[in-house]
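J.: based on what follows, work out the 3D shape:
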Amino acid sequence: MSARLALASLLGAAQVPEPPAPAAVQWTAPPECPDAAFVRTTISRRLGRPLAEGEATLVAHVVRTGARGYVLHLQLSVGARNETRDIADPSCVSLAEVAALRIVAAVEQQTPVSPAEAPPAEAPPAEAPPAEAPPADTSPPQIPAPAPETPSALAPVRPPISADVPQNRPRTTGGFLRLHGGGELGAVPGPTGAVGLAGGLLGPRWRAELRGTFVAPRTAVRALGELQAGLFAGSMHGCGRLGRGALEVPLCVGLELGAMQGDPRVPSGRPVFAVWMAAALGPGLVWHAGRRWGLGMGFELALALVRPRFELGEGARTEPLFRPSVASGRLWFGIELRFGDPW
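T.: Got it, this is the predicted structure:
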């Protein structure tokens, strides 16, 4: 009988542990954003003290919306008031400040003013002897200006960024490298191949490129002999970046300057070099297959401003062997590596 009583007393004394209470501030964000400790510290600094247990609950989740912004999904509960909203901003640090400011404003609105903090009541003035009535004021009554409206504690507020808070501004300029190759027609005798290397700067909606191009030589056959011609050129291009999402459509114009080599296949012939200059323009298409690399293609039209003439003979007795076309076209395919692209 005593054993049963001891067992019953033990069972009665045993208590089931209660689950831990949820944290007052629950914050999740990408790695480049401030963490939950930053938000709690900001709340304590602005409130002047840490949050009391059960005083308020903040559940905030930040997600990235592309390369130029973030969205804050916020749930706030203070007393009997609840709020749920989404706030977008280019800076994740600003969203952390917004979350801290909203919970501080809501807590301060709910906190009653203690009697010690209330201003002392003024004593009633002593009765003064009756005085003569002043003359009537005939001037128009002055209408007081309306007081500025105080924003609600739960209204959307953009807080000022503290000087000691690091800024998380999106980049405005990146860079790239591209290796490309394809076909060419018009600059040398007959269709041929071309390869190139390009690099430059990337803006949100523009490109600045430097390219080096090699057009493989081809041979022109004439009655007086043969001529093999090839092209080495460098160019500068400015492009507008159209498109959306993973697809980019660059529209480019540029100036190309280079040297064309002509090698006559005759017994007394020797290789010669001549100046080549052309204006280049054309569209492209780039698929951003990854964050840093993509696949591209494009068509380029080159309009010759200076084109050489290769002839055989001397003085008045000369015979033409080859001269490039006024317009030549290139179709290229390439792979691109991007660095800090603000697209």
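J.: so what's the closest residue to residue 217 other than its chain neighbours up against?
T.: The shortest distance from residue 217 to any non-neighbouring residue, by C-beta to C-beta, 6 or more residues apart in numbering, is to residue 230 (3.1 Å). Where you see a C-beta, it was placed from the backbone N, CA and C, and this is true even at glycine. By C-beta atoms under 8 Å, 6 or more residues apart in numbering, the contact set of residue 230 is 188, 214, 215, 216, 217, 218, 260, 261.
J.: for the chain, which segments count as helices?
T.: 2-13, 36-47, 92-110 (DSSP state H).
J.: list the beta-bridge partners for residue 339.
T.: Residue 339 forms beta bridges with residue 175, as assigned by DSSP bridges.
J.: list only buried entries from the contacts of residue 230.
T.: Taking 16 or more other C-beta atoms under 10 Å as the criterion, what is buried in the contacts of residue 230 is 188, 214, 215, 217, 218, 260, 261.
J.: closest to residue 335 among these?
T.: Minimum distance to residue 335 across these is 17.5 Å, recorded for residue 214 (C-beta to C-beta).
J.: which strand residues bridge that closest one?
T.: Beta-bridge pairing for residue 214 (DSSP bridges): residue 195, residue 232.
J.: can you pull the contacts of it?
T.: 194, 195, 196, 230, 231, 232.
J.: farthest pair in those?
T.: Distance extremes for those: the farthest pair is 196 and 230 at 14.0 Å, using C-beta to C-beta.
J.: before we move on, back to that, closest to residue 27 among the buried ones among the contacts of residue 230?
T.: Here the nearest of the buried ones among the contacts of residue 230 to residue 27, counting by C-beta to C-beta, is residue 214; it sits at 54.9 Å.
J.: how far away is the closest one from residue 297?
T.: Residue 214 sits 19 Å away from residue 297, going by C-beta to C-beta, to the nearest Å.
J.: same check on residue 274?
T.: Separation of residue 274 from residue 297 (C-beta to C-beta) stands at 31 Å.
J.: again with residue 234
T.: Distance of residue 234 to residue 297, computed by C-beta to C-beta: 21 Å.
J.: one more: residue 92?
T.: 36 Å.
J.: try residue 231
T.: Residue 231 sits 21 Å away from residue 297, going by C-beta to C-beta.
J.: more neighbours: these two, which one.
T.: Using other C-beta atoms under 10 Å, the more surrounded residue of residue 231 and residue 297 is residue 231, with 24 against 15.
J.: the more buried one and residue 257 touch, don't they?
T.: No: with contact defined as C-beta atoms under 8 Å, residue 231 does not count as touching residue 257 (11.2 Å).
J.: shared neighbours, those two?
T.: Jointly contacting residue 231 and residue 257 under the rule C-beta under 8 Å, 6+ apart are residue 276.
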